[in-house]
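[1] here's my sequence, what's the structure:
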Amino acid sequence: MQLTSDSNSIKVSLSSIFGDFKQLTKVGLSLSVVFSSLAGYLLAVDKINVLTLAMLAVGGYLMVGASNAFNQIIEKDTDALMKRTMNRPLPTGRMHVSMALVIAISFTILGLAILYSINPKSALFGAISIFLYTSIYTPLKSVTPLSVFVGAIPGAIPFMLGWVAATDDFSIEPGMLFLIQFFWQFPHFWAIAWLQYDEYKKAGFNLMPTGQKNKKAVIQIIIYTVCLIVVSIIPVLKMTGSFYIFPFTAFILVLLGSVMLFYGVKLYKNQTNKEARQLMLSSVLYITLIQIIYVVDKFLH
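    Residues are numbered from 1 along each chain as shown. Sure thing, here's the model as predicted:
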């Protein structure tokens, strides 16, 4: 009987440790970033190298996991103030800061080493992403809403990183992929900031572009959504090197972007959390589908 009890407690303990590890590295977010990197890689290649693809996935995951772990170490005390984050392993004391630091540093070294073995440029962009997210974006969150602009830079690197990993080249094509994901960050993140406004306020964060939940803030959201749609269809002009799309693909992307725009306008009119949530969910759908659509379009050429 004792053996069964001990066995169950070990299982619970291992499950708890694994759960904390997943929370610290934000597995869901990290996997979505890996998806972006793989889409960027597939856009760039004619022949898929499975080893490079696997290394990019692992290296990308470690890179984002490291950034998230460093972020939670820095924000341990503010995380304890918000419902959404108070149950994370560091604020609750389930994990010691030194353990989180070991994970973050190990992920950084291993992730960058894997990206470097693909090519040095991939490691460089990986390092820039971790540095900006950890050392500039995270500390700025409590100082100015402009932190969202800084955070959009590391947030936009993964899509581009896939192309760089495939070609060892940074030119107009990965630059376009960067721009698309860069402009997408703003309506997506401001929708979250709208939803979490009161919670963020408790922690001393004010991330809305105007500092308030108001129509002026939503105008910014709408402007950046329009910019996103325009940037997304620029490849139809065939002025972006080997990255171009069919006119029909551009038409589909405009329709897809119009869904985000629709919810942005609804948020402007009603200014409720319901519309902000719809905008946030439609933005997740947009960035996921656009990457799939680009890859499908490429293989139809």
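[2] and Gln181, what does it touch?
    Ser36, Gly155, Ala156, Pro158, Phe159, Met160, Ile287 (CB atoms under 8 Å, 6 or more residues apart in numbering). All C-beta atoms are positioned from the backbone trio N, CA, C, and that covers glycine.
[3] wait, Asp20 sits on Pro91?
    No. With contacts counted by CB atoms under 8 Å, Asp20 stays clear of Pro91, the gap being 11.5 Å.
[4] got the buried residues for stretch 36-48?
    Within stretch 36-48, the residues that qualify as buried by neighbour count (16 or more other CB atoms under 10 Å) are Ser36, Ser37, Leu38, Ala39, Gly40, Tyr41, Leu42, Leu43, Ala44, Val45.
[5] grab the nearest non-local neighbour of the fourth one.
    Just to be clear, that refers to Ala39. Distance criterion CB to CB, 6 or more residues apart in numbering; nearest residue to Ala39, sequence neighbours excluded, is Gln291 at 3.8 Å.
[6] and that neighbour, how far is that from Leu62?
    21 Å (CB to CB, to the nearest Å).
[7] swap in Phe21?
    For Phe21 relative to Leu62 (CB to CB), the value is 13 Å.
[8] check contacts around the one residue sitting closest to the centre of the chain.
    The chain has Gly155 as the residue nearest its centroid, 4.8 Å off, counting by CA atoms, centre = their mean. Residues near Gly155 by CB under 8 Å, 6+ apart: Tyr133, Gln181, Phe182, Gln185.
[9] and the third one, what element?
    When secondary structure is defined using DSSP states H and E, the element that contains Phe182 is helix 172-195.
[10] now that helix: buried residues?
    173-174, 176-195.
[11] next one: whichever helix or strand comes after that helix to chain centre, how far?
    Next helix or strand after helix 172-195 toward the C-terminus (DSSP H and E): helix 197-202. Relative to the chain's own centre, helix 197-202 is displaced by 21 Å; criterion: CA atoms, centre = their mean, to the nearest Å.
[12] what sits up against helix 197-202?
    Here helix 197-202 makes contact (CB under 8 Å, 6+ apart) with Leu81, Met82, Lys83, Arg84, Ala193, Asn206, Leu207, Met208, Lys213.
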